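Novice: what follows is a predicted protein model with its sequence.
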Amino acid sequence: MPLEIRFNCQLAGGVHARPASALEELTARFRSEFSLVNERNGCRANARSVLALVASDIRLDDACRLEIAGPDEQEAHAEMARFLRERFPCCDNDIPTVQPPGEEFSLPPDLRESTMTYWRATPAAAGIGLGRIVEIEPFELPETLANMRPLGAEQERRRIEEGLYALNAALAEQAARMPSDAAAGIVAAHQAIARDPEFRASLIEAVTAVGLCAARAVAESEAHFSRMLMATSSELLHQRVLDVQDVCRQLLDKIYGEAARRSEAPLTEDAICLAESLTPSQLLALDRRYLKGLVLFQPGTTSHVHILARSFGIPTLTRAVGLTGRRIAGELAVVDAEIGLLATNLDETARRYYAMEQDRLRRRQARLLRLAEGPGDTSDGQPLQIAANISSADEAACGVAAGADGVGLFRTEMLFMNRDRPPSEGEQFEEYRRALYAAAGKPVIIRTLDAGGDKPLPFLNQPVEANPFLGCRGVRLYPRHEALFRAQVRALLRASVFGPLKMLAPMVSHLDEVRWMRRIVEEESARIPETGQQGKRHVPLGVMLEVPSIAFALDHFCREVDFFSIGSNDLLQYFLAADRANPGVSGISDPLSPGFLRLLKKAVDDVHTHGKRIGLCGEMAISVRYLPLLVGLGLDEISVAVPAVAEIKAALARLSSSDCSELLTAVLRSPTAREAAECLDRFHQQSCDPIVDENLILMSSGSRTKAEAIKEIVDNFFVQGRTDRPRDVEVAIWQRESVYSTGLGYGIAIPHCKSDSLRADTMGLLRLDQPVDWGSVDGQPVKLVILLGLRESSPKETHMRIFSRLARRLMHEDFRARLIEPCDPASTLNALQEELELA
Ligand code: PEP
Ligand code: MG
């Protein structure tokens, strides 16, 4: 009879790779056999195999039984009992928990009849995209390896053995260099998989018994163990598939070297790409002509892959609930990053709905583009340059076409990704020259290489770092790769003769770094004429303000630096000590936290005192919500993803700089981010737009149902900038509409709501080409819809006054005739203003 230890799992995330590897490590000290039984599902696992342990799907509170039998079972039993009591329950202390999308979700009314299949998800980049699902397998063999013929069982077995040996040695070396427990834990989990007896047995069996080559054996084992993990019900264990894939990728690398790296199959039609996670370089490798949407399981909103997705305008979802493990490759799907869902099996209702949605977004963008044509000024004439963030020369043209006043941030590291070696000086020169040409005389700020952090470049051979964001990143890499940096500087200097180019240094923490850079720039600048080429003698050199310390030494920096750009993404993560890619601490990285806003204010004031310019190019600038604060700060420029340029410019024109400074003063007095947010909300609620204007009157509509008609009017509110949350407004309308019909007879309906999702009290009018059923009191279909949306916080009298006057006037045939008979928006507006005394 084996000895037994019974325990209940107290790990919130269940037994995943880290606790499993801790358990497995202990088994290695004994010669006995260990079996762990999950009594909930009857799964029995060899406790010497991390993979088997993890696949036994042990969750919080599961009753478990560890059986021990063998020559040293007494000793093992005592040691294991202590371990399970004392260390095992704490294995998991630093696992972040991520909130799933709220439960209160319900489909918009016009989609409720649809039979489509859908999964809820969290939007990370707005928009609607339609295409066929392409699953990007995080692990797939490169073609060269996939077609490889086995050399013979013995040779292939040797390859596996040697590969595993090299991998284990490399991991052991890595583990020794890990200074923190968390980082060491991850490497330990990888080590545990690499030496897992079942993993090894599966590889060896594949080459000896099945006759596969080593590459295929690795691929088969990866698929086998990933399937095993996916078959469990824990989302956390599903994510552990990444560990298996990582180890398999590293193993292939050890066996085949360079040949083991693969690039994705090209997209050939409109596609929605589905991936566990993507690196920035994997995203850049996808053909953006066809990439219509992304669904990533990796959470977060300021990690570089999400920033890129937003900057390319690719609707992106993360954490699709319940989708893990479903095979939907090849199906036609919609990524709806407006309400947060992925849908397949689209029926006629869904297709019509999404056609309307795409139309709504197109029309809003077209309107914003018209508004963005002028210079970026507030309503009282304070200038604020709105520039574009880009990562390639092609995007510069799109930015300028969208109304950008130039390029505020060219992230050049993207040119260095997906390649075995860096781009040559000539290639870079051509790219920078093209960006300047596209900007047509507007300033272009080009940031020198910002590799490291979450943008490692394989050819730099950087050592593994426990905290890459605090490691060798940005400017810190240049002295180690001086030739690489000099080549980029030469390319920039040569390009500078084609337009107003400025250089921007990332991740600066000390003035010495700037001095070093300036020396190199000057040396290269002096050398350029010797090579028979041209370059400007002086190119402005700016610094990213993203390491907080420099905000307290700006007087020194201002003497030697030409301009500054606040990288709010990194500044927030370093200032508030919260990893930008870790969703577990995303609530801490709040730009409204009082200390952070004061830091920004101090930085802007200090830089201006010394007569220099300062902009902001992080994700904070993309939000219309924060815009009044950025105006209040008195920044000279903000730089945003290309798709946001027009919207920000249009929003800027609505703001008064004096109101914004008052707001900032009030917000800076708020002791907490929550109170600052309340202050900001109150500011946004004060709007003096008229309740109705010509653009809110739609003279002809093809809507076929009541739901479509309501959606069409509310979508137009969105297009006209009256709401950013049209679905919330619709929900508020339907809350009333489902209780009683607003069809008041005579072919007229007056749906209405109160909702603070509206920027201002708004009335919209829609004349239907074909009358639609509304459940009206007289049973007649409706041909005219007047939708009244008032803000929750508007005085009660406003609602009563407008609504009752409208209802009263509609009793009169002459008023109805003025609205129903064909005419133009101007005369309809006139009729409304006169009869309802709106003017
Ligand atoms: C930032 O940190 O805000 C920034 C703009 O740089 P990146 O996001 O590329 O690190
Ligand atoms: Mg940064």
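Specialist: Now that the structure is in, tell me what you want to look at. Numbering: from 1, shown residues only. Ligands and ions are numbered 1, 2, ... in the order given.
Novice: which parts of the stretch 1-150 of the chain are strands?
Specialist: 3-8, 33-38, 44-46, 63-69, 117-120, 122-125, 128-135 (DSSP state E, counting those that start in this stretch).
Novice: any weak-confidence spans in the stretch 201-350 of the chain?
Specialist: 230-242, 258, 261-265, 279-282, 298-304, 324-326 (pLDDT under 70).
Novice: could you find the closest non-adjacent residue to the residue in it positioned nearest to ligand 1?
Specialist: Closest residue of the stretch 201-350 of the chain to ligand 1, C-beta to the nearest ligand atom: Ile307 (5.8 Å). Placement of C-beta: from N, CA and C, glycine included. Sequence neighbours aside, Glu619 is the residue nearest to Ile307 in space, at 6.6 Å (criterion: C-beta to C-beta, 6 or more residues apart in numbering).
Novice: now the strands for the stretch 251-400 of the chain?
Specialist: Using DSSP E, counting those that start in this stretch, strands in the stretch 251-400 of the chain cover 271-275, 291-296, 316-318, 332-336, 341-344, 385-390.
Novice: around ligand 1, pick out the residues from this protein.
Specialist: Selection of the chain residues close to ligand 1 by C-beta under 6 Å from any ligand atom yields Ile307, Leu409, Arg411, Asp450, Glu546, Gly567, Ser568, Asn569, Asp570, Cys617, Gly618.
Novice: can you map out the strands along the stretch 501-650 of the chain?
Specialist: 501-505, 541-545, 563-566, 613-616, 637-641.
Novice: next, format those strands as TSV and append mean pLDDT.
Specialist: Formatted as TSV, the strands of the stretch 501-650 of the chain follow (pLDDT from 0 to 100):
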stretch	mean pLDDT
strand 501-505	98
strand 541-545	98
strand 563-566	98
strand 613-616	98
strand 637-641	96
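Novice: closest to ligand 2 out of these?
Specialist: Taking C-beta to the ion as the criterion, ligand 2 comes closest to strand 541-545 out of the strands of the stretch 501-650 of the chain, the separation being 6.1 Å.
Novice: ok and the residue in the stretch 651-800 of the chain nearest ligand 2?
Specialist: For the stretch 651-800 of the chain, C-beta to the ion, closest residue to ligand 2: Ala673, 21.5 Å.
Novice: pLDDT at that residue, what is it?
Specialist: On pLDDT, Ala673 comes in at 95.
Novice: and it, how many neighbours does it have?
Specialist: Ala673 sits with 19 neighbouring residues when counted by other C-beta atoms under 10 Å.
Novice: spatially central residue for the protein, please.
Specialist: His306 (2.9 Å; C-alpha atoms, centre = their mean).
Novice: list the contacts of that residue.
Specialist: Counting by C-beta atoms under 8 Å, 6 or more residues apart in numbering, His306 makes contact with Ala124, Ala125, Gly300, Thr316, Thr318.
Novice: and Leu130, what pLDDT?
Specialist: Reported pLDDT for Leu130: 95.
Novice: next one: the one 5 residues further on
Specialist: The predicted local distance difference test score for Glu135 is 85.
Novice: tell me the spacing between it and Ile328.
Specialist: 8 Å (C-beta to C-beta, to the nearest Å).
Novice: more neighbours: which of these two?
Specialist: Between Glu135 and Ile328, Ile328 has the larger neighbour count (other C-beta under 10 Å), namely 19 against 16.
Novice: and that one, how far is that from Ala350?
Specialist: Distance from Ile328 to Ala350, by C-beta to C-beta: 15 Å.
Novice: same thing with Glu338?
Specialist: On the measure of C-beta to C-beta, Glu338 and Ala350 end up 14 Å apart.
Novice: could you find the closest non-adjacent residue to Phe485?
Specialist: The nearest residue in space to Phe485 (C-beta to C-beta, 6+ apart) is Tyr478, at 4.2 Å.
Novice: err, Ile748, not the other one
Specialist: Nearest residue to Ile748, sequence neighbours excluded (C-beta to C-beta, 6+ apart): Leu784, at 4.8 Å.
Novice: the stretch 1-150 of the chain: helices as residue ranges?
Specialist: Remark: helices assigned in the stretch 1-150 of the chain by DSSP state H, counting those that start in this stretch are 17-27, 50-55, 73-86, 143-146.
Novice: and the ones you listed: which comes nearest ligand 2?
Specialist: helix 17-27 (29.6 Å).
Novice: so how far is that closest one from its chain's centroid?
Specialist: Relative to its parent chain, helix 17-27 has a centroid offset of 34 Å by C-alpha atoms, centre = their mean, to the nearest Å.
Novice: and that helix, what other elements does it pack with?
Specialist: helix 50-55, helix 73-86, helix 181-194 (3 or more C-beta pairs under 8 Å, 6 or more residues apart in numbering; DSSP states H and E).
Novice: dump the first one to PDB, restricted to CA.
Specialist: Extracted in PDB, the C-alpha atoms of helix 50-55 (Å, rounded to 0.1, in the frame of the first residue of the first chain):
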ATOM      1  CA  VAL A  50       5.200  18.800 -14.600                       C
ATOM      2  CA  LEU A  51       3.100  18.400 -17.800                       C
ATOM      3  CA  ALA A  52       1.100  15.500 -16.300                       C
ATOM      4  CA  LEU A  53       0.600  17.400 -13.100                       C
ATOM      5  CA  VAL A  54      -0.600  20.500 -14.900                       C
ATOM      6  CA  ALA A  55      -2.900  18.500 -17.200                       C
END
